[in-house]
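In: Test case, fold it:
(one chain, ligands or ions: 1)
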Amino acid sequence: MPLNHGRTILVGAGAFARELIDWSLDGALEDGRAFDAFLDSSAAALDGFGHRLDYLGAIDDFVPREGDRLVMAIGDPAAKARLAALLKSRGARFARLVHPRATVARSAVLGEGVVICPQALVSSHARIGDFVAINALSGVGHDVVLGACSTLSCQVDLTGWVKVGEGCFFGSGARVLPKVTVGAGARIGAGAVVMRNVPENAVMYALPAKKL
Ligand SMILES: CC(C)(COP(=O)(O)OP(=O)(O)OC[C@H]1O[C@@H](n2cnc3c(N)ncnc32)[C@H](O)[C@@H]1OP(=O)(O)O)[C@@H](O)C(=O)NCCC(=O)NCCS
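Out: Next comes the predicted model:
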């Protein structure tokens, strides 16, 4: 760890965290950092995966030190929102993780603690809220507004001018048509094609295939 750095800490140590460790080895963390430690309910969460990170205890019990930078490695939007608020109330600061093979337009605006995985695209003038995770191969179109703590699984396509409220979840391959608004807390199923505005907290499923 470089002398001028505090610890870089994963919040959660499930499968998504293991992916983020791999992306960090590709240079995805700010300032070229590497992960030093993790928080999880299980000290054994990373056993058997070949990583040597210090275990710092359960997320709910953690008190950050000056210089620590945290990275949210949790997909569930509600859990992210609760834990981000708790940790920030204790003074935590979050780093961004943006994979070098993601494309982020210069005009896009990224919030605190945003995670952007390989081959994702964030297009012109998109605004990405705090703690948003954009998984591999997903596309966020021009002028999209993506609310805090939302999570995009792989291969999600948010087309131009889509507005997403806080804490939304998009399953693998979900697609949202231009200018549609997705209400806060909505969950969009894998493969769903969303053509109309979605109310808050709604769960949307894929349309069944139809015979023409
Ligand atoms: C939409 C979703 C959030 C709903 O979850 P849920 O409320 O727990 O729903 P259930 O799994 O109980 O399914 C309810 C019904 O909807 C169907 N269904 C669920 N998701 C569906 C989808 N994406 N497309 C079509 N039908 C779906 C189920 O088959 C089930 O039908 P049945 O009652 O006839 O058996 C979830 O199914 C989903 O698609 N999650 C995305 C997962 C994903 O992509 N994860 C990526 C992580 S890497």
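
In: drop to CA atoms for contacts and neighbour counts, all remaining ones
Out: OK.

In: Quick check: the gap between the residue nearest the centre of the chain and H142.
Out: Most central in the chain under CA atoms, centre = their mean is A133, positioned 1.5 Å from the mean C-alpha point. Distance, A133 to H142, using CA to CA, to the nearest Å: 17 Å.

In: what do you get for A34?
Out: Counting by CA to CA - A34 and H142 are separated by 31 Å.

In: Can you show me the helices along the chain?
Out: Assigned by DSSP state H, the chain shows helices spanning 15-25, 77-89.

In: Next, count neighbours for F94.
Out: F94: 23 surrounding residues under other CA atoms under 10 Å.

In: Likewise for A84?
Out: Neighbourhood size, A84 [other CA under 10 Å]: 23.

In: and what of the one 3 residues further on?
Out: Using other CA under 10 Å, L87 has 20 neighbouring residues.

In: From here on, call the first residue 5.
Out: All right, first residue 5 from here; so that's L91.

In: so who does it touch?
Out: The contact partners of L91, by CA atoms under 8 Å, 6 or more residues apart in numbering, come to 64, 66-68.

In: Just the buried subset of the residues you listed, written out for ChimeraX, thanks.
Out: Filtering those down to the buried ones (16 or more other CA atoms under 10 Å) takes a single ChimeraX command:
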select :66,68
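
In: Which two of the contacts of L91 have the greatest separation?
Out: D64 and P68 (11.3 Å; CA to CA).

In: Grab the nearest non-local neighbour of A85.
Out: Nearest non-adjacent residue to A85, counting by CA to CA, 6 or more residues apart in numbering: C153, 5.9 Å away.

In: do the same with P203
Out: Going by CA to CA, 6+ apart, P203 has G187 as its nearest residue, at 4.9 Å.

In: Now do the contacts for V108.
Out: Applying CA under 8 Å, 6+ apart, the residues contacting V108 are 125-127.

In: Between those, which sits nearest the ligand?
Out: Nearest to the ligand out of these is L125 (CA to the nearest ligand atom; 17.7 Å).

In: Looks like the residue nearest to the centre of the chain contacts G151 (just checking).
Out: No. A137 lies out of contact with G151 (CA atoms under 8 Å); the separation is 10.7 Å.

In: per the record, what domains does the protein have?
Out: 12-99, 100-201 (automatic domain parsing).

In: Save these as CSV, and put in distance to the ligand and mean pLDDT too.
Out: Below are the domains of the chain laid out as CSV (distance: least, CA to the nearest ligand atom, whole Å; pLDDT from 0 to 100):
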stretch, distance to the ligand, mean pLDDT
domain 12-99, 8, 97
domain 100-201, 3, 97
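
In: Find the one among those with the highest mean neighbour count.
Out: domain 100-201 (a mean of 22; mean count of other CA atoms under 10 Å).
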